[in-house]
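Student: just coords:
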Ligand SMILES: [Mn+2]
């Protein structure tokens with residue numbers, strides 16, 4: 001039996017009006033899971049009361065990128081640099097995480113997904129890079145294409161990431177928010193030279209996240225394909 005990988009979907013309009021809404025996930029998440037031998041299953045944003053039923057149908061949960069996590073999710077007020085949010089998505093994904101952890105099923109978060117995990121476990125975010133005490137690196141690498149890495153990270157060699165990544169690694173970067181206070185049960189697994197947290201994992205449950213985008217470099221960087229191999233076949 002192939003492992004069933006639930007991917008929490010996002011929503012957006014296909015055209016620039018308030019009609020034609022679609023539920024979706026970036027295709028490379030689907031491709032990455034399929035090529036690693038998993039069976040991807042998209043979980044559309046829904047009521048928190050369905051979270052338990054969804055989790056019963058999957059083996060592992062993947063949280064993708066997207067909007068900023070709503071500051072109300074971690075008790076903050078919206079800063080002027082806050083981007084688009086979807087509080088329904090936050091609540092649904094946090095409910096999925098809670099049920100997955102309760103059921104002992106692995107959870108992995110990418111970019112916003114990692115930030116959502118930190119918030120779900122009681123941590124906080126900086127709403128924009130400009131709010132850091134010291135100037136940070138360019139973490140929104142536009143206009144450099146996303147399949148190219150643009151800044152280094154140091155991998156914690158006592159982490160799950162070290163099972164498939166070298167200590168000195170290069171990642172792509174497309175995030176204007178960063179983790180501020182790390183949730184109590186997480187440890188840092190990857191750090192940028194400016195101190196920005198680029199990877200986390202729980203010391204209690206099979207829960208981990210990365211701040212970069214393995215799916216966007218899937219076809220250009222072999223190690224990013226290893227990310228999917230690890231998640232689908234080894235992460236437990
Ligand atoms: Mn970065």
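Tutor: Nice, I can see it. Since the structure is predicted, the reported quantities are computational estimates derived from the model, not experimental observations. Numbers count the residues shown, from 1 in each chain.
Student: residue contacts, the residue lying closest to residue 10 once chain neighbours are set aside?
Tutor: Closest residue to residue 10 in three dimensions, ignoring its sequence neighbours and counting by CB to CB, 6 or more residues apart in numbering: residue 66, at 4.5 Å. Where C-beta positions appear, they are placed from N, C-alpha and C, glycine not excepted. Each residue near residue 66 by CB atoms under 8 Å, 6 or more residues apart in numbering is listed here: 10, 86, 89, 111, 112.
Student: any idea which element the third one lies in?
Tutor: Assigned by DSSP states H and E, residue 89 falls within helix 87-102.
Student: for residue 116, see how far away the residue nearest to residue 10 is.
Tutor: Distance of residue 66 to residue 116, given as CB to CB, to the nearest Å: 9 Å.
Student: ok, residue 33 next?
Tutor: From residue 33 over to residue 116 the distance is 19 Å, taken as CB to CB.
Student: what's the pLDDT at the residue in the chain that the ion sits nearest to?
Tutor: The chain approaches the ion most closely through residue 173 (3.3 Å), counting by CB to the ion. The confidence metric pLDDT takes the value 98 at residue 173.
Student: and the next helix or strand past the helix or strand where residue 114 lies?
Tutor: Assigned by DSSP H and E, residue 114 belongs to helix 112-120. Sequence-wise, the next helix or strand downstream of helix 112-120 (DSSP H and E) is strand 125-126.
Student: all strands of this protein, in order?
Tutor: For the chain, the strands defined by DSSP state E cover 4-8, 10-13, 21-24, 39-43, 60-63, 107-110, 125-126, 151-155, 168-171, 178-179, 186-191, 197-202, 207-210.
Student: and the fifth one, what does it pack against?
Tutor: Meaning strand 60-63. Judged by 3 or more CB pairs under 8 Å, 6 or more residues apart in numbering; DSSP states H and E, the packing partners of strand 60-63 are strand 4-8, helix 87-102, strand 107-110, helix 112-120.
Student: try the last one
Tutor: With contacts defined as 3+ CB pairs under 8 Å, 6+ apart, the secondary structure elements packing on strand 207-210 are strand 107-110, helix 112-120, strand 197-202.
Student: in contact with residue 71: list those residues for me.
Tutor: Residues near residue 71 by CB under 8 Å, 6+ apart: 77, 78, 79, 82, 85, 125, 127.
Student: check contacts around residue 21.
Tutor: Contacts of residue 21 by CB under 8 Å, 6+ apart are 11, 12, 13, 14.
Student: kindly recompute the last result at 7 Å.
Tutor: 11, 13 (CB atoms under 7 Å, 6 or more residues apart in numbering).
Student: about what we covered before: please check the contacts of residue 71 and keep the buried ones.
Tutor: 82, 85, 125, 127 (16 or more other CB atoms under 10 Å).
Student: now the phi/psi pair for the closest residue to residue 206 other than its chain neighbours, please.
Tutor: Leaving aside its chain neighbours, residue 206 sits nearest to residue 106 (3.9 Å; criterion: CB to CB, 6+ apart). Note on residue 106: its backbone torsions stand at phi -60, psi 150 [degrees, to the nearest 10].
Student: quick one: residue 106 from residue 51, how far?
Tutor: For residue 106, the distance to residue 51 - CB to CB - is 16 Å.
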